[in-house]
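> I need the structure of the sequence given here:
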Amino acid sequence: MRSNRVSNRGAVGLSRRGFLGATVIGGAFGGSRLWAQAPVPLTFWVPGGSDVVCRLQNDLAADFAAMQTAAVVDTVSCIGNVEDFIQSFLAAIAAGNPPSASIVWETPVALGARGALLPIDGYLASSERAGLADWPEGLLASCRWNGQTFGVPVVAGSYGVFYNQEMFEAAGLPSDRASFPKTWDEMRRLSKEFTRWDGDYLERAGFLPTLNWATVPIWAALNGAQIYDAENNRVALNDERIVEMLAFGLDWINEEYKGDLNAIDRSGSFREPYPSGAGLPPAFPEGRQAGIESGSWLMGDLNNAGNLTVERWNVAPYAVGPSGSASVSGTWPNWLVIPKGSNDPDAAWSYIEFLSTDGVRKWFANVPETPGNINAQVDLPTAVVESRGAEFAADVLEFFRGQSAVATPMWNVPIQGFLNDQIDLVLTRVYAKEATPQAALAEAQANCEAELSRVMAELQ
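Presented below is the predicted three-dimensional model:
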């Protein structure tokens, strides 16, 4: 289940001064080298995950060892408790015994700003297959801070709007991607065609505009705004276009969904395509919801849903807001990083380069998250081929790779965890009618400005 992969409470709370003392990381490292000595033993950390994920990483380590002799990954550690991973990771760096390289689910910007990661700009400049031009700008923004790059998004599940073609056709509506709504107003009108209530029970829904902290940056960009101005290091939650975005969604919920999220949640899992915390089945896979936003990983998860009744689904780009100008997308990456104190950064980079090029083929075959490297070659997603055929699978894969290319910069804030919490609080207060969008966003803006100022002072 994707929503449990990372905690939005994952802000790094240690300052550079307190964490690394007076040590300052120097310039970027050079390119790969050839070894005449015995292979360099590397350790690689994975922040939890299922048995499938852990087995996959061990298989990739074996594949790497079979391909060359300059380095071998002799230890892959799947840290069992995702919630504790970052603290364990930081503690290992502080103690001088970090892994050689690692997957992280905390943005490299937040970690790099605090001096926990090594910059990799030299490697990106010299790599022929994983160089600077091989990564979409919107994805690489999540790794850049103060003129340096601190990681790469090896896979980055890109977002789109999954929709039920069978429900569209039963309603006499075109179900091809080209006919999907292009604006928020069009999408809202279409949603009403599907939503049905039986008293306080939501029998079926169209589209539910309940945002979450991970997708707010996408919706803000769809309305022409950015929640963070990286060039000026400024949070901009109180931008009038973000206020407009949240007010639009709230009005939609009030009109079509009785303004009652509790009634929605008692009727089924409509906010995510997975079972709810109360154990209610997901509405989209069981054919009770016309569409839902999600990432490329849902291609595989849909076919693993025990209650799947939807045989024909498709995915479309996001509609554009009233103040927006173009459809954009977003991503949820797995980042590869080299921690400060790595036993051999050059060897670690060689493994990162392998994972993001050759290794990503097997990765995608197990978990269909869009490869970050634009030149990485992957096979068609098996689950989609088996259920819908090779032609449809190829089309969907091309769609998600295209969504990566138009991903808005996100995950790029030094106080990312704190910002996520503030967004979560804004949504909770607004949906519960405890504050207006403008008031809630203004308060969150003030909190983020104070936190960013505090962190920047510690990093001096």
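
> drop to CA atoms for contacts and neighbour counts, all remaining ones
OK.

> nearest residue to the middle of this protein?
Nearest to the geometric centre of the chain sits W332, at 1.0 Å (C-alpha atoms, centre = their mean).

> where does the stretch 351-460 of the chain dip in pLDDT?
For the stretch 351-460 of the chain, applying pLDDT under 70 flags no range at all.

> which strand of this structure spans the most residues?
Using DSSP state E, we find that the single longest strand of the chain is strand 152-164.

> next SSE after that strand?
Next in sequence after strand 152-164, counting helices and strands by DSSP states H and E, comes helix 165-170.

> re the thing from before, phi and psi next, for the residue nearest to the centre of the chain.
Main-chain dihedrals, W332, degrees, to the nearest 10: phi -130, psi 100.

> again, but for V235
Backbone torsions of V235, given as degrees, to the nearest 10, read phi -80, psi 140.

> so how far is the longest strand of the chain off the chain centroid?
When C-alpha coordinates are averaged (C-alpha atoms, centre = their mean, to the nearest Å), strand 152-164 and its chain have centres 8 Å apart.

> again, but for stretch 450-460
Centroid displacement of stretch 450-460 relative to its chain, using C-alpha atoms, centre = their mean, is 25 Å.

> any idea of the pLDDT on the residue nearest to the centre of the chain?
The model reports W332 with a pLDDT of 93.

> for it, give its distance to D260.
As for W332, its distance to D260 is 29 Å (criterion: C-alpha to C-alpha, to the nearest Å).

> which of the residues in stretch 227-245 are buried?
227-228, 230, 233-239, 241-245 (16 or more other C-alpha atoms under 10 Å).

> kindly apply the preceding question to stretch 98-117 instead.
98-117.

> same question for stretch 172-185.
Going by neighbour count (16+ other C-alpha under 10 Å), the buried part of stretch 172-185 is S175, F180, P181, K182, T183, W184, D185.

> again, but for stretch 62-81
For stretch 62-81, the neighbour count (16+ other C-alpha under 10 Å) marks D63, F64, A65, A70, A71, V72, V73, V76, S77, C78, I79 as buried.

> same thing with stretch 417-436?
Applying a neighbour-count criterion of 16+ other C-alpha under 10 Å, one finds 417-424, 426-427, 429-431, 436 buried in stretch 417-436.

> just the CA trace of that stretch, in CSV.
Output of stretch 417-436 as CSV, limited to C-alpha atoms (Å, rounded to 0.1, in the frame of the first residue of the first chain):
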residue,chain,number,x,y,z
GLY,A,417,8.4,17.1,6.8
PHE,A,418,7.2,20.1,8.6
LEU,A,419,5.5,21.5,5.5
ASN,A,420,3.7,18.2,4.9
ASP,A,421,2.4,18.3,8.5
GLN,A,422,1.2,21.9,8.0
ILE,A,423,-0.6,21.0,4.8
ASP,A,424,-2.2,18.0,6.5
LEU,A,425,-3.4,20.3,9.3
VAL,A,426,-4.8,22.8,6.8
LEU,A,427,-6.8,20.1,5.0
THR,A,428,-8.1,18.7,8.3
ARG,A,429,-9.3,22.1,9.5
VAL,A,430,-10.8,23.2,6.2
TYR,A,431,-12.7,20.0,5.5
ALA,A,432,-14.0,20.0,9.1
LYS,A,433,-15.2,23.6,8.6
GLU,A,434,-12.9,24.8,11.5
ALA,A,435,-11.3,27.5,9.3
THR,A,436,-11.6,29.0,5.9
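
> what's the local residue count around A95?
For A95, the neighbour count with other C-alpha atoms under 10 Å is 9.

> and the gap between it and S88?
From A95 to S88 the distance is 10 Å (C-alpha to C-alpha).

> over to A220?
Taking C-alpha to C-alpha, one finds A220 at 33 Å from S88.

> which one of those two has more residues nearby?
Comparing A220 with S88 by other C-alpha under 10 Å, the one with more neighbours is A220, at 25 against 16.

> check which helix or strand covers W363.
Assigned by DSSP H and E, W363 falls in helix 359-366.

> on contacts alone, who are the packing partners of the following helix or strand past that helix?
Under the assignment DSSP H and E, the closest C-terminal helix or strand after helix 359-366 is helix 382-388. Helix 382-388 sits against helix 298-304, helix 390-405, with contacts defined as 3 or more C-alpha pairs under 8 Å, 6 or more residues apart in numbering; DSSP states H and E.

> one more time with 10 Å
Packed against helix 382-388, as judged by 3 or more C-alpha pairs under 10 Å, 6 or more residues apart in numbering; DSSP states H and E, are the following elements: helix 298-304, helix 359-366, helix 390-405.

> P47 is nearest to which of the ones you listed?
Ranking these by proximity to P47 (C-alpha to C-alpha) places helix 359-366 first, at 15.6 Å.

> name the helices or strands packed onto that closest one?
Helices and strands touching helix 359-366, by 3+ C-alpha pairs under 10 Å, 6+ apart, are helix 51-67, strand 152-164, helix 345-355, helix 382-388.

> okay if I get the ones you listed as JSON lines plus distance to G321?
JSON lines is the format used below for these (distance: least, C-alpha to C-alpha, whole Å):
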{"stretch": "helix 51-67", "distance to G321": "37"}
{"stretch": "strand 152-164", "distance to G321": "15"}
{"stretch": "helix 345-355", "distance to G321": "37"}
{"stretch": "helix 382-388", "distance to G321": "31"}
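
> which non-adjacent residue is nearest D239?
A225 (7.2 Å; C-alpha to C-alpha, 6 or more residues apart in numbering).

> got a list of what that neighbour touches?
Counting by C-alpha atoms under 10 Å, 6 or more residues apart in numbering, A225 makes contact with P217, I218, W219, A236, L237, D239, E240, R241, I242, M245, S323, G324.

> does W313 really touch E286, like I thought?
No: counting by C-alpha atoms under 10 Å, W313 sits too far from E286 to count as a contact (11.8 Å).
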